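A structural model of the following input is requested.
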Amino acid sequence: MFETLTALPPDSILGLSAAFKLDPNPKKIDLGVGVYKDEQGNTPILDSVAKAQQLLLASETSKVYITPQGNQGFINGMLSLLLGEDSLILNNSRVAAVQAPGGCGALRILAELLMRIDENTTVWVSDPTWANHMPLLGDAGLTLKTYPYFDKQSASIKFDEMMDCLSKVGPKDVVLLHGCCHNPTGADLSKEQWQELAILAARVGFLPFVDTAYQGFGEGIEQDTYGLRLLTEHVDEVIVAASCSKNFGLYRERVGLAAIICKDEKTKDIAQSQIQRIARGIYSMPPSYGGALVDIILNNKDLYDLWTKEVDAMRNRMTLLREMLVTNLNNQGVDKDFSFINAQKGMFSFLCIPPEQVQILRKDHSVYFVDSSRVNIAGINHSNVEALAKAIAQTM
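So this is what the prediction gives:
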C-alpha cells in the first residue's frame with residue numbers, strides 16, 4: 001500500500017544543516033539551526049541543569065509513569081514564571097495545564113483542543129511566522145490565515161496594517177502571537193503596541209494564542225512576560241504554549257507546557273479534562289526527565305538564582321553579538337543600514353536581503369542560513385564575525 005505515497009521535499013532547515021556538515025570549508029559558518037551556541041560554537045549544558053541532574057539522580061527511585069498531566073511541580077513553577085507568583089488568575093484556579101513534549105507538543109495539544117471546540121476555527125498567524133507553526137496547527141485541521149507583521153523593506157513591524165487586519169477578524173477566531181523574540185524576524189511589539197493590541201482583543205473578542213519559546217532572551221525573564229500578562233488583564237481567556245528548549249537549554253529533552261486561562265474554575269476543570277484526554281490520545285504519558293529538572297531548578301532558590309544569571313548571560317551575549325555584527329558591517333562600508341539588527345530581540349534576525357544573495361553567501365562563502373534571510377545570531381562569535389561581515393559586503 002505504500003506505493004500510493006509521494007515523496008515530499010526535504011525540510012529546509014534540516015536540509016541546510018546536512019549541507020553544512022558536508023561542506024569541507026574549515027571556516028564555514030552555521031547561522032541556520034535555531035539553537036543557542038557559546039563562543040566555541042557548542043550548545044552547552046547549563047550549570048543549573050547539571051546540578052539539577054545530580055539532585056535528580058540522587059533522589060529518583062523509580063521509572064514508573066508520571067501522571068497524565070505531567071510533573072505538577074514543573075507545571076506550577078512554569079505557570080508562576082509566566083503569570084507571576086502573586087497572579088490572581090492562579091490564586092483563583094483559572095488555569096488548566098499539562099506538561100507537553102516540547103513547545104511543539106504544546107502547540108499541537110492546543111490545536112487539537114481548538115478543533116474539539118469548533119472544527120471550523122480559523123487561526124491567524126503573523127506574516128512571517130515560525131515555519132513549523134503551519135504543520136503543527138494546520139495538520140490538526142485548523143484553517144490558517146495570515147495577518148501583516150513585518151516589512152522587509154523598512155525592517156520594521158507593519159503595526160497599523162496588523163491592527164487593521166485583526167480589527168476585522170471574527171469573534172470566534174484565534175490570533176497567534178509571539179510572546180517575545182519573534183521568530184523569525186526578531187522584531188517585537190513595544191509596550192505601547194501590546195497595550196493597543198490588548199484593547200483590540202477585548203473589543204473584537206478573538207482568542208489570543210501566545211507562543212512563548214524564548215522567555216528571558218528578549219529583555220529579561222520577568223520583562224518578557226509583559227504582553228502575555230497584559231492580555232490576561234483585558235480578556236478572560238488566553239491559551240499559551242511555552243517551551244524550555246532555549247532558556248533551559250533542554251532541546252533534546254523536549255519540555256513544554258500547554259496552558260489554558262479560563263474565565264472561571266468550573267470552565268478550567270472542564271478544559272483540564274479535555275487536554276489530558278487529548279494528550280492521552282496522542283502520546284499517553286509525558287516524558288519525565290526534562291520536566292523534573294525544570295521543577296528542581298524553579299523550586300530551589302540557589303539553582304533558580306544560578307539559572308537566572310545564566311539566562312541573563314546568554315541574552316547579554318546575543319546583544320553583544322548583534323552590536324559586533326552591525327559594527328563590522330559598517331566597517332566594511334556596506335550601503336545598507338543594518339542598525340535595525342540592534343533593535344531586534346532574541347536569537348533571530350532577518351538580514352532583509354534577497355534569496356539570491358543568501359544562496360551566493362552559501363555557495364561562495366560557506367555561510368549557511370535560510371533563504372528568508374533569517375540568521376541565528378547565536379551562531380556568530382568573535383572569530384567569525386569579521387569574515388561574516390566581509391562575505392555579506394562582497395555579496396551585496
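
Could you list the domains of this structure?
Annotated domains of the chain cover 10-43+315-395, 49-299 [automatic domain parsing].

Mean neighbour count, the ones you listed: which tops it?
Of all the domains of the chain, domain 49-299 has the most neighbours on average by mean count of other Cβ atoms under 10 Å, namely a mean of 19. Yep, even glycine has a C-beta here, placed from its N, CA and C like the rest.

so for that one, what's the average pLDDT?
For domain 49-299, mean pLDDT is 97.

What's the end-to-end length of that domain?
One end of domain 49-299 to the other measures 13 Å (Cα to Cα, to the nearest Å).

so which strand or helix has residue 308?
helix 301-331 (DSSP states H and E).

I misspoke; the intended subject was residue 386.
Judged by DSSP H and E, residue 386 forms part of helix 385-395.

From the contact counts, what lies against that helix?
Applying 3 or more Cβ pairs under 8 Å, 6 or more residues apart in numbering; DSSP states H and E, one finds that helix 385-395 contacts strand 29-30, helix 301-331, helix 355-365, strand 367-368.

hang on, the earlier thing: what about the helix holding residue 308, distance to the chain center?
Taking the mean of its C-alpha atoms, helix 301-331 sits 17 Å from the chain's own mean (Cα atoms, centre = their mean, to the nearest Å).

export the next helix or strand after it as CSV, just CAs?
Helices and strands here follow DSSP H and E; after helix 301-331, the next one along the chain is helix 340-343. Taking C-alpha atoms only, helix 340-343 is exported to CSV below (Å, rounded to 0.1, in the frame of the first residue of the first chain):
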residue,chain,number,x,y,z
PHE,A,340,17.8,47.5,12.9
ILE,A,341,19.6,44.4,14.0
ASN,A,342,20.4,46.1,17.3
ALA,A,343,16.8,46.8,17.9
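
quick one: contacts of helix 340-343?
Applying Cβ atoms under 8 Å, 6 or more residues apart in numbering, the contact partners of helix 340-343 are 155-156, 186-187, 322-323, 325-326, 349, 351-352.

Strands along the protein, start to end?
For the chain, the strands defined by DSSP state E occupy 29-30, 95-101, 122-127, 143-148, 150-151, 156-157, 174-178, 207-212, 238-243, 255-261, 348-350, 367-368, 374-376.

and the last one, which strands flank it?
The sheet places strand 374-376 alongside strand 348-350 (antiparallel), with pairing taken from DSSP bridges.

Which residues does the strand it pairs with contact?
The contact list for strand 348-350 (Cβ under 8 Å, 6+ apart) reads 34, 150, 152, 155, 181-187, 322, 341, 372-377.

And the average pLDDT for it is what?
Here the average pLDDT along strand 348-350 is 94.

Return the distance of it from the chain's centre.
With Cα atoms, centre = their mean as the basis, strand 348-350 stands 13 Å off its chain's centre.

if we can go back for a sec, okay if I get the domains of the chain as JSON lines plus distance to residue 4?
Output for the domains of the chain, formatted as JSON lines (distance: least, Cβ to Cβ, whole Å):
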{"stretch": "domain 10-43+315-395", "distance to residue 4": "21"}
{"stretch": "domain 49-299", "distance to residue 4": "19"}
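
So for residue 307, which of those sits nearest?
Closest to residue 307 of the domains of the chain, according to Cβ to Cβ: domain 49-299, at 5.1 Å.

still on that earlier bit, so how far is the helix holding residue 386 off the chain centroid?
That offset, for helix 385-395, works out to 28 Å (Cα atoms, centre = their mean).

The stretch 1-150 of the chain: helices as residue ranges?
Secondary structure of the stretch 1-150 of the chain, counting by DSSP state H, counting those that start in this stretch: helices at 12-22, 47-59, 72-83, 88-91, 102-117, 133-138.

just checking, what packs against the longest one?
Secondary structure elements in contact with helix 102-117, counted by 3+ Cβ pairs under 8 Å, 6+ apart, are strand 95-101, helix 133-138, strand 207-212, strand 238-243, strand 255-261, helix 265-282.

Please name whichever of the ones you listed is nearest to residue 48.
strand 255-261 (13.9 Å).

Next one: the residue nearest to residue 114 when sequence neighbours are not counted from residue 77, what distance?
Once flanking residues are discounted, residue 114 sits nearest to residue 121: 4.8 Å by Cβ to Cβ, 6 or more residues apart in numbering. Using Cβ to Cβ, to the nearest Å, residue 121 is found at 30 Å from residue 77.

For the spatially most central residue of the chain, give me its contacts.
Computing the C-alpha centroid of the chain and ranking residues by Cα atoms, centre = their mean puts residue 213 first, at 2.8 Å. Shown in contact with residue 213 (Cβ under 8 Å, 6+ apart): 103, 179, 181, 183, 241-243, 245-246.

what's the answer for residue 28, then?
20, 366-368.

Would you reformat the helices and strands packed on helix 385-395 as TSV and include distance to residue 85?
Below are the helices and strands packed on helix 385-395 laid out as TSV (distance: least, Cβ to Cβ, whole Å):
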stretch	distance to residue 85
strand 29-30	39
helix 301-331	12
helix 355-365	44
strand 367-368	42
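
quick one, which of the ones you listed is nearest to residue 383?
Minimum separation from residue 383 across the helices and strands packed on helix 385-395 (Cβ to Cβ) falls at strand 29-30, 9.9 Å.

partners of that closest one in the sheet?
Strand pairing for strand 29-30, determined by DSSP bridges: strand 367-368 (parallel).

so how far is the strand it pairs with off the chain centroid?
In terms of Cα atoms, centre = their mean, the centre of strand 367-368 is set 22 Å apart from its chain centre.

what does it contact?
With Cβ under 8 Å, 6+ apart as the test, strand 367-368 has contacts from 16, 19-20, 23, 28-32, 361-362, 388, 391-392.

same thing but 6 Å
16, 20, 29-30, 32, 361-362, 391 (Cβ atoms under 6 Å, 6 or more residues apart in numbering).

The closest residue to residue 348 other than its chain neighbours and residue 277, how far apart?
Of all residues not flanking residue 348 in the chain, residue 186 sits nearest, at 4.8 Å (Cβ to Cβ, 6+ apart). Here the criterion is Cβ to Cβ. By it, residue 186 lies 37 Å from residue 277.
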